[in-house]
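>>> structural data only, the sequence is not supplied:
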């Protein structure tokens, strides 16, 4: 099975009661459930065991206005009981960037809360397939919500936002990411730091065409130009990534206000130094470092840690 798959698929999902959440926001595994079925006259009990999860998930996040901006146009939605984090970054210079990001993040969270947790019986491939379908549909639902909000208020008709949502199925370890724009998801596995989303930007297109170098891309004056977003006239084509977590993994979901201020090496160092701290404390370190480096933009980040159940 490949480690990461990029798979756009149609929507499906199966809601059921969520598992309990601990006081720290960490997902807590449910106990085995059993039921008894038998003939009406001579019952012959059969125990149906609910599979126990293989992974525990701890998630938290922070959204900070930064040092320069007068308002925060980022939004953060956390649903730890569903192992779900959502980050959105309203388009700077456009009216209603804060409204767009908040609308998109809230709608994606509402949509996904009706379809998570999954019902897969522990089938990893099925979990990945369902997550791919569901995350793509969530991004499109968020786009439609932003469009409708803009149509209702002419002052907001041109608003748009990035959107990146990540969900993990603790029973199988499958994860799904749906995203549009340049808010990113990274994976830290031991000391290997990997960007697992692709930026929807003019600069990324030029980089892949080998028109510019990696160093030029980092400092390019058009680095902020998006090639698609949530909310403008044309529906975006969501990018979907699926894979499987491992115990010890850390996933960072963030806006460009973080990665624009910190080099990858600094992020890795901060995450490794905070490996024994709770996610909130680790994220605060990242946000503080971004602000100390200038804080030129709003800074929003969420951490998803994979732990023993």
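Yep, it's here. Remember, it's a predicted structure, so these values are computed and weren't measured experimentally.
>>> the closest residue to residue 170 other than its chain neighbours: what secondary structure?
In space, residue 170 comes closest to residue 53 once its chain neighbours are excluded; the distance is 3.9 Å by Cβ to Cβ, 6 or more residues apart in numbering. In short, each C-beta sits where N, CA and C put it, glycine included. What DSSP: H, G, I helix; E, B strand; the rest coil gives for residue 53 is coil.
>>> from residue 176, how far off is residue 53?
Counting by Cβ to Cβ, to the nearest Å, the gap from residue 53 to residue 176 is 16 Å.
>>> the two: who's more crowded?
The residue with more neighbours, out of residue 53 and residue 176, is residue 176; 30 against 21, by other Cβ atoms under 10 Å.
>>> okay, and the beta partners of that one?
The residues listed as beta-bridge partners of residue 176 by DSSP bridges are residue 167, residue 242.
>>> just to revisit the earlier point, the residue nearest to residue 170 is in contact with residue 171, isn't it?
Yes: in this structure residue 53 lies within contact range of residue 171 using Cβ atoms under 8 Å: 5.0 Å.
>>> what is the least confident helix or strand in this structure?
Between all helices and strands in the chain, the lowest mean by mean pLDDT, DSSP states H and E belongs to strand 4-6, at a mean of 48.
>>> got the contact list for whichever helix or strand comes after that strand?
Once the chain leaves strand 4-6, the next helix or strand it forms, by DSSP states H and E, is strand 56-64. Strand 56-64 is contacted from outside by 24-29, 72, 74-76, 78, 80, 83-85, 87, 168, 170, 253, 278-280, 283-284, 287, 290-291, 295, 298-309, using Cβ atoms under 8 Å, 6 or more residues apart in numbering.
>>> then stretch 194-213?
Here stretch 194-213 makes contact (Cβ under 8 Å, 6+ apart) with 4, 164, 177, 179-187, 214, 217, 220, 222-229, 236, 239, 241, 243.
>>> same thing but at 7 Å, please
4, 164, 177, 179-182, 184-187, 214, 217, 220, 222-223, 225-228, 239, 241 (Cβ atoms under 7 Å, 6 or more residues apart in numbering).
>>> please apply the same query to stretch 105-114.
For stretch 105-114, contacts defined as Cβ under 7 Å, 6+ apart pick out 15, 75-77, 79, 82, 84, 86, 88, 134, 138-139, 141-142, 145, 163, 165, 167.
>>> now do the buried residues in that stretch.
Neighbour counts over stretch 105-114 (16 or more other Cβ atoms under 10 Å) mark 105, 106, 107, 108, 109, 111, 112, 113 as buried.
>>> tell me which of these fall in helices.
105, 106, 107, 108, 109, 111, 112, 113 (DSSP state H).
>>> can you give me the helices for the chain?
Using DSSP H, helices in the chain cover 97-113, 124-152, 202-208, 214-218, 256-259, 264-273, 279-292.
>>> adding distance to residue 159 and mean pLDDT, write the ones you listed out as a markdown table.
Conversion of the helices of the chain to a markdown table gives the following (distance: least, Cβ to Cβ, whole Å; pLDDT from 0 to 100):
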| stretch | distance to residue 159 | mean pLDDT |
| --- | --- | --- |
| helix 97-113 | 4 | 97 |
| helix 124-152 | 6 | 96 |
| helix 202-208 | 20 | 88 |
| helix 214-218 | 27 | 82 |
| helix 256-259 | 18 | 96 |
| helix 264-273 | 30 | 96 |
| helix 279-292 | 25 | 97 |
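>>> CSV for these, including distance to residue 192?
Output for the helices of the chain, formatted as CSV (distance: least, Cβ to Cβ, whole Å):
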stretch, distance to residue 192
helix 97-113, 28
helix 124-152, 21
helix 202-208, 21
helix 214-218, 18
helix 256-259, 17
helix 264-273, 9
helix 279-292, 18
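>>> OK, contacts around residue 165?
Counted by Cβ under 7 Å, 6+ apart, residue 165 has contacts 84, 86, 108, 112, 135, 138, 177, 178, 179.
>>> chain neighbours aside, what residue packs nearest to it?
Per Cβ to Cβ, 6+ apart, closest to residue 165 is residue 86, 4.4 Å.
>>> any figure for the gap between that neighbour and residue 141?
Taken as Cβ to Cβ, the span from residue 86 to residue 141 is 12 Å.
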